[in-house]
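**Student:** Got a predicted structure here, sequence first:
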Amino acid sequence: MINSKYGKYALIKSFIGSNIVSLGAGTPYIYSYYAPRLLEQCNIPISKSSSISFSLNIGSSLLAMFAGMIIDYNPAISCLVGAITTCLAYGILHFCYHNSVSNVFLVSLALIFAGFGSISGFFAGVKVCTTNFPKHRGTATAFPIAMYALSGMIFSTLCAKLYGDNMLGVFRFLQITCTAMILVGIFTLKVLNDPSDEENITNNSFNDTERNSRRFNDIYPNGTPLESSTSVDQTPQEYDRLKNDHINGHNRSRSDVNHGDWQQEGNVGNNFQGSPEISLSQREGSEENNVSQRNSTSFGARQTNLGNINTNDDLLETPSNQSDLRSPRWRINEPTTLIIRLQDNKVIQNITDPRYLVYYVILAIQMGIGQMYIYSVGFLIQVQVNTPPLSEYNLDKSKLQAFQISLFAIFSFCGRLTSGPISDVLVRRLGFQRLWNIFSASFLVLIASHFITITTPLATEDSINNNNIPAIRNISFCTTFFGYAFGIIFGTFPSIIADTFGTEGFSTIWSICTTGGVFTVKLFTSILAHDLSTHSNTDDSTCKLGTKCYKHTFNTIFDICVLGSILTAAMIFGTYWNAQKKLEELQNDVESIQLQLDN
């Protein structure tokens, strides 16, 4: 807990610093602004565009797990690494553009640096807000996440106004400004709350059966579930109260076996506090001698253990029995093999959890769609501008591309900023799951994927003079939907991961979860690049057939998004079903305890 004035000042400083760092780290989203001119200046064919944009995702997604490890060690160090790699990235791009270097590897290396530097700063800001504000996690993390999205709009607008088509000035501006903003994190980002304290409190309160899961149910006095998915910052006090009402003053110790750890509360917990891993190997008068080190016991099994343990009060409640730890009836497990140590590693346990794997797939689909769109919307504008009759009017592609990036950034910002508080309301007030946000975002993506393939009426001179070009207007409409949906995804998913698996090792767990976007972005951008090159003339690198150039790409995206929506719905109803099942088990356990006491 942070009560002192200094502590509150440190919280405010870390929050402001997180937002500054995130704002400076969001420049990968303006890739679509400079990519067409960079490829043209460096004489790189359009067919290579997917490989180059894939490099950006290697840095921001595939290498994010290494950034997460650094962040979990020290967020300030991660900001230093991010600032250095960002400076190198835009320095290399400046060099390639100035000298017209037609080297795909060098440009790709620069984008890998840009992606890694971006994510090193951004995840550090999210980690600090997630850990320092556990009671308002959704709202606190919404701000740096929103700043990260807003960065694209701010920098694309500034670059368009200050430098126009002068890409050398753009790269130099990004090199200096972004590096300086990420460096702010060295002096401001600090984790002030200990995640392990939160873990201990949660484990002791829950005695949960899902290892380190945080998805248990709060219980109303009438026995109805308060919410389908409980966040880490909530303690199910009603469970203890409900049990104590039936125990009628009897002081019972509880046992929990969790991956080989023997944990008890009350007198027994005090006796064993600070001991190494202890598992029960033999117990007189009990048939439950073999306890799995790898599988958490059910509530029913644990309550049976509770009854058995309390029948041996002379064994457990006498202080002299502390020496029994060395007797044959106790065995101290000291994992020595690498396999056992890996099995006991929290990160390994979490990333092999079935729920995590489903989250991984859902996030990979939605992340790939959103990032593909922001990286490629500049090419969509280029297609429409070069398609007759628009090609006859010499429209300013730079301004149109900058406008689309700004539009995406604004609505992504709104999605990220609103999704956090909305998800908190869903969980705390309405008893719903945060996954409903993800399902809503999937619905928006389906709408946008459909409408962007519609062939619009031909532009007229009047519509061009009034800046009301049907084809551009249709892209703008879809950009708002893609942007807002993408914002919802990234504004909600970090809280879902933190609620489910806790904040200890959060950056590593979350960064691994984002690696799925590497493969989906590569898939979608490759499909788009193939479609654009297929419909282009042999002597022209630009497709001039309007929506036909990218219709197949977004039809594919629509189909894959349907799959993601089905998975999300399955998780929502599966979690609700499990919650109801556990509620019934809990009620049966309470009745069983009452019967034991009556007998």
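**Tutor:** That came through fine.
**Student:** distance of the closest residue to A25 other than its chain neighbours from T27?
**Tutor:** Of all residues not flanking A25 in the chain, G121 sits nearest, at 3.7 Å (CB to CB, 6 or more residues apart in numbering). To be clear about C-beta, it is placed using only N, CA and C from the backbone, and glycine gets the same treatment. Per CB to CB, to the nearest Å, G121 is found 10 Å from T27.
**Student:** In terms of neighbours, single out the busier of these two.
**Tutor:** For G121 versus T27, neighbours defined as other CB atoms under 10 Å are more numerous around G121 (39 against 26).
**Student:** Can you give the distance from the strand or helix carrying S51 to the centre of its chain?
**Tutor:** Using DSSP states H and E, S51 maps to helix 49-57. Relative to its chain's centre, helix 49-57 lies at 21 Å (CA atoms, centre = their mean, to the nearest Å).
**Student:** Contacts for it next, please.
**Tutor:** 28, 31, 35, 39, 44, 104, 107-109, 111-112, 114-115, 371, 375-376, 379, 517-518, 521-522, 525-526, 528-529 (CB atoms under 8 Å, 6 or more residues apart in numbering).
**Student:** Which residues outside whatever helix or strand comes next after that helix are in contact with it?
**Tutor:** Counting by DSSP H and E, the next helix or strand C-terminal to helix 49-57 is helix 64-73. With contacts defined as CB under 8 Å, 6+ apart, helix 64-73 is touched by 77-78, 81-82, 116, 119-120, 123-124, 127, 505-512, 514-515.
**Student:** Would you mind finding the longest helix in this structure?
**Tutor:** Using DSSP state H, we find that the single longest helix of the chain is helix 551-598.
**Student:** And the pLDDT at the residue nearest the centre of the chain?
**Tutor:** Central residue of the chain (CA atoms, centre = their mean): P494, 3.8 Å from the mean position. On the pLDDT scale, P494 is placed at 84.
**Student:** Would you agree it falls within a helix?
**Tutor:** Yes: looking at P494 with DSSP: H, G, I helix; E, B strand; the rest coil, it is inside a helix.
**Student:** Which elements pack onto the helix or strand hosting S406?
**Tutor:** Using DSSP H and E, S406 sits within helix 397-428. Here helix 397-428 touches helix 31-41, helix 137-162, helix 354-385, helix 435-451, helix 470-501, going by 3 or more CB pairs under 8 Å, 6 or more residues apart in numbering; DSSP states H and E.
**Student:** Among those, which comes closest to L563?
**Tutor:** In terms of CB to CB, the element of the helices and strands packed on helix 397-428 nearest to L563 is helix 354-385, at 7.0 Å.
**Student:** So which other helices or strands are in contact with that closest one?
**Tutor:** Contacts defined by 3+ CB pairs under 8 Å, 6+ apart place helix 354-385 against helix 31-41, helix 49-57, helix 397-428, helix 435-451, helix 470-501, helix 506-513, helix 516-534, helix 551-598.
**Student:** Show me the shaky parts of the stretch 451-599 of the chain.
**Tutor:** Within the stretch 451-599 of the chain, the stretches with pLDDT under 70 are 459, 461-463, 465-467, 538-541.
**Student:** cool, the stretch 301-450 of the chain as well?
**Tutor:** Checking the stretch 301-450 of the chain against pLDDT under 70 turns up 301-345.
**Student:** tell me the contacts of L162?
**Tutor:** Per CB under 8 Å, 6+ apart, neighbours of L162: 169, 173.
**Student:** if we go to 7 Å?
**Tutor:** F173 (CB atoms under 7 Å, 6 or more residues apart in numbering).
**Student:** One more: H450?
**Tutor:** Contact analysis of H450 by CB under 7 Å, 6+ apart lists F558.
**Student:** N350 now?
**Tutor:** 356, 501, 509.
**Student:** Can you list phi and psi of it for me?
**Tutor:** Backbone torsions for N350, taken as degrees, to the nearest 10, come to phi -70, psi -40.
**Student:** List the buried residues of the helix holding S406.
**Tutor:** Neighbour-count burial for helix 397-428 flags 397-398, 400-420, 422-424, 426-427 (criterion: 16 or more other CB atoms under 10 Å).
**Student:** Could you list the low-pLDDT ranges of the stretch 1-150 of the chain?
**Tutor:** Judged by pLDDT under 70, the stretches of the stretch 1-150 of the chain that qualify are 1-6.
**Student:** In this structure M153 contacts I410, no?
**Tutor:** Yes: M153 is within contact range of I410, at 5.5 Å (criterion: CB atoms under 7 Å).
**Student:** Could you list the domains of this structure?
**Tutor:** 5-195+347-579, 261-332 (automatic domain parsing).
**Student:** of these, which approaches N599 most closely?
**Tutor:** Closest approach to N599 among those is made by domain 261-332 (10.1 Å; CB to CB).
**Student:** How far off centre is stretch 393-411?
**Tutor:** For stretch 393-411, the distance to the chain centre is 28 Å (CA atoms, centre = their mean).
**Student:** ok, now stretch 97-114?
**Tutor:** That offset, for stretch 97-114, works out to 29 Å (CA atoms, centre = their mean).
**Student:** Quick check: buried residues in it?
**Tutor:** By neighbour count with 16+ other CB under 10 Å, stretch 97-114 contains the buried residues 97, 101, 104, 107-114.
**Student:** what does stretch 357-372 give?
**Tutor:** For stretch 357-372, by 16+ other CB under 10 Å, it's 359-360, 362-372.
**Student:** sorry, back to before: check the buried residues of stretch 97-114 against F554 and report the nearest one.
**Tutor:** In terms of CB to CB, no member of these lies closer to F554 than L111, at 24.1 Å.
**Student:** for that closest one, what are its contacts?
**Tutor:** So L111 contacts 52, 55-56, 59, 89 (CB under 7 Å, 6+ apart).
**Student:** swap the cut-off to 6 Å and go again
**Tutor:** 55-56 (CB atoms under 6 Å, 6 or more residues apart in numbering).
**Student:** so which helix or strand takes in it?
**Tutor:** Judged by DSSP H and E, L111 forms part of helix 104-132.
**Student:** centre of the chain versus that helix, how much separation?
**Tutor:** Worked out by CA atoms, centre = their mean, helix 104-132 lies 14 Å from the chain centre.
**Student:** so it versus helix 64-73, what angle?
**Tutor:** 40 degrees (axes from the mean of the first three to the mean of the last three CA atoms, to 10 degrees).
**Student:** residues contacting the nearest residue to I71 once chain neighbours are set aside?
**Tutor:** Sequence neighbours aside, S507 is the residue nearest to I71 in space, at 3.9 Å (criterion: CB to CB, 6+ apart). Residues counted as contacts of S507 (CB under 6 Å, 6+ apart) are 68, 71-72, 123, 127.
**Student:** which pair in those residues spans the largest distance?
**Tutor:** Farthest pair in the contacts of S507 (CB to CB) is D72 and F123. Separation: 9.7 Å.
**Student:** These two - which one has more neighbours?
**Tutor:** Per other CB under 10 Å, whichever of D72 and F123 has more neighbours is F123, with 33 against 23.
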